[in-house]
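Q: okay, sequence plus prediction incoming.
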Amino acid sequence: MILLASTPSAGATWPSWFLVVAAALVSGLLIAGPALRRRYPVAWWLVLGFPAAYFRIVRTWRPLMAGCGLAVSRKAALIVVSGLVGKGAPPPQPRVPRRGVVRPTAGGFWFLVRLLPGQTPEDFVKASSAMSHAWEVHAVRVTTWKPGVVRLGASAADPLQEPRIPKQRGPESLLRVAVGVLETGTEWLIDLRRVPHWLIVGATRSGKSTLINALVAGLAPQRVALVGIDCKGGMELSLYGARLSALATNRAQAVKLLTALVDMTLDRMAVCRAAHVRNVWGLADEERPVPVVVIVDEIAELFLLANRSEKDEAQAAATALIRLAQLGAALGVFLIVAGQRVGSDMGPGVTALRAQLAGRVCHRVSDPGTAEMALGDLNPDALKAAQAITPEQAGTAVLASGDGWERARSQLVTETDAEAIAAEYTHLTPHLPDLPELADAG
């Protein structure tokens, strides 16, 4: 009897302690929650954010598929038979695409979906905005996983709003530079050995110069030669003068320098042919020539004509650039071509050059023609994303290549930082005897 009398008393005190502890935990989370979320975003998402998102996915999957037109009704005959057998029971539910296991990431989640007969990945792309609202996430990206299966990847928040640049681990690989962060939260890597030539466009204060600063800051410590062409009198690229093997500051110098670079690639071609290899990377380390990265700032200054007398000079510059783009990848010469505006009105050479620049980066631009020239031939979705970049999103860009497209943001490398880094690694500047002596050579 004593035990029976004491049991309810002990049981009655347990809920009160539980409520006190729970109230304390909830109060602590409410007070310290925002600070913890900013300081430990990944842990916060995995412990609290992802479970809530998973519950929303499970709860809304069937009505969401039906509301977006992704559910398929059962056959009419099956509905009739179901009504006869079930004596007035509700008809069968429509078929919805089968969802796979939801897997968390550091800032979102992803899962696979098997398409129903007659569906295409574009059907899910159109519904991606509705999915992001239903699941209360920043964005949902739809990609093809394999025939009949799509991958839905979601970002809980916009990682480009306050990008957390991943820390560098060890020295960079040759011609491989981390310049920022992707929308997925991973590093934005520009690998010139994988994608050798890049076109970078962007209006004033869009982040184009900051991206070039980040590129130079990452390439300066590497054993590569940097060559600059800046026909605005060298106002931009002269910051890196201490690390440049050559710098052309007007079109006449640019033609001279580009012609010498073409001749250098032809010499390297002869070396590879004699060694029976297809590119410079097949040569022995002691025989391999130093890689050369050519940075062209404001490409319009090379192509635009003030009068007819400049036509031959502009044509020579365009022809040399196109030849470098065609030959350079196998011979250790890489192009980074940048400009505020790139359009077909600058001449046929621009379109031919664009076709050779497989990597594209488009910041906010002032005219839709530039975005079309940069991204239109690769991916129409990338073009729409680039045109949606606002002036407040400085540094944000859409990058595209043959592998697809991504939103990204470059890390902030100021002009002062870039100049200091270039001066720090002056001793790594190689002397290229094949290049002409220009007035503004490094």
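A: The structure has been received and is ready for your questions.
Q: against A317, how distant is the closest residue to A394 other than its chain neighbours?
A: Closest residue in space to A394, ignoring its immediate chain neighbours: G207 at 5.1 Å, by CB to CB, 6 or more residues apart in numbering. Any C-beta I mention is one placed from the backbone N, CA and C, and that applies to glycine too. From G207 across to A317, the span is 26 Å (CB to CB, to the nearest Å).
Q: ditto for F303
A: Going from F303 to A317 by CB to CB gives 7 Å.
Q: those two - which one has more neighbours?
A: Higher neighbour count among F303 and A317: A317, with 27 against 24, using other CB atoms under 10 Å.
Q: quick check, pLDDT for that one.
A: pLDDT recorded at A317 is 89.
Q: in which helix or strand does it reside?
A: Element membership for A317 (DSSP states H and E) is helix 311-331.
Q: tell me the angle of whichever helix or strand comes after that helix relative to helix 311-331?
A: Next in sequence after helix 311-331, counting helices and strands by DSSP H and E, comes strand 333-339. If you take axes from the mean of the first three to the mean of the last three CA atoms, to 10 degrees, strand 333-339 sits at 130 degrees to helix 311-331.
Q: so what touches strand 333-339?
A: For strand 333-339, contacts defined as CB atoms under 8 Å, 6 or more residues apart in numbering pick out 175, 192, 196-202, 208, 212, 215, 261, 264-265, 291-300, 321, 324-325, 327-328, 353, 357.
Q: again, but for stretch 128-142
A: 53, 56-57, 60, 64, 67-68, 108, 121, 124-125, 150-158, 183.
Q: so which of these are in strands?
A: G108, V150, R151, L152, G153, A154, S155 (DSSP state E).
Q: quick check, the second one in contact with A127.
A: No: using CB atoms under 8 Å, V150 is not in contact with A127; the gap is 10.9 Å.
Q: picking up where we left off before, out of the contacts of stretch 128-142, which end up buried?
A: 53, 57, 64, 68, 108, 121, 124, 150-158, 183 (16 or more other CB atoms under 10 Å).
Q: what sits closest to R407 if chain neighbours are left out?
A: Counting by CB to CB, 6+ apart, E183 is the residue found nearest to R407 once chain neighbours are left out, at 4.1 Å.
Q: and the pLDDT at the one you found?
A: On pLDDT, E183 comes in at 82.
Q: from V113, how far out is it?
A: For E183, the distance to V113 - CB to CB - is 21 Å.
Q: the nearest residue to D158 once chain neighbours are set aside: neighbour count?
A: Closest residue in space to D158, ignoring its immediate chain neighbours: H138 at 4.9 Å, by CB to CB, 6+ apart. Applying other CB under 10 Å, we find 16 residues neighbouring H138.
Q: which residues are contacting the helix or strand where E406 lies?
A: Assigned by DSSP H and E, E406 belongs to strand 404-410. Contacts with strand 404-410, where a contact means CB under 8 Å, 6+ apart, come from 143, 160, 163, 179-184, 188, 207, 210-211, 214, 375, 378-379, 381-382, 385, 395-400.
Q: quick check: what element follows the helix or strand bottoming out on mean pLDDT in the chain along the chain?
A: Ranked by mean pLDDT, DSSP states H and E, the weakest helix or strand in the chain is helix 76-86, scoring a mean of 50. Following helix 76-86 in sequence order, the next helix or strand is strand 98-99 (DSSP H and E).
Q: quick check: mean pLDDT across that next one?
A: Computed over strand 98-99, the mean pLDDT rounds to 94.
Q: can you check stretch 355-367 too?
A: 90.
Q: output it as PDB, restricted to C-alpha atoms.
A: Extracted in PDB, the C-alpha atoms of stretch 355-367 (Å, rounded to 0.1, in the frame of the first residue of the first chain):
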ATOM      1  CA  ALA A 355      32.900  30.100 -79.500                       C
ATOM      2  CA  GLN A 356      36.400  29.200 -78.300                       C
ATOM      3  CA  LEU A 357      35.900  30.400 -74.700                       C
ATOM      4  CA  ALA A 358      34.300  27.400 -73.100                       C
ATOM      5  CA  GLY A 359      34.100  28.900 -69.600                       C
ATOM      6  CA  ARG A 360      31.700  31.900 -69.100                       C
ATOM      7  CA  VAL A 361      31.100  34.100 -66.200                       C
ATOM      8  CA  CYS A 362      28.300  36.700 -66.400                       C
ATOM      9  CA  HIS A 363      27.900  39.400 -63.600                       C
ATOM     10  CA  ARG A 364      25.200  42.000 -63.700                       C
ATOM     11  CA  VAL A 365      25.300  43.600 -67.200                       C
ATOM     12  CA  SER A 366      23.900  46.800 -68.600                       C
ATOM     13  CA  ASP A 367      22.400  45.400 -71.800                       C
END
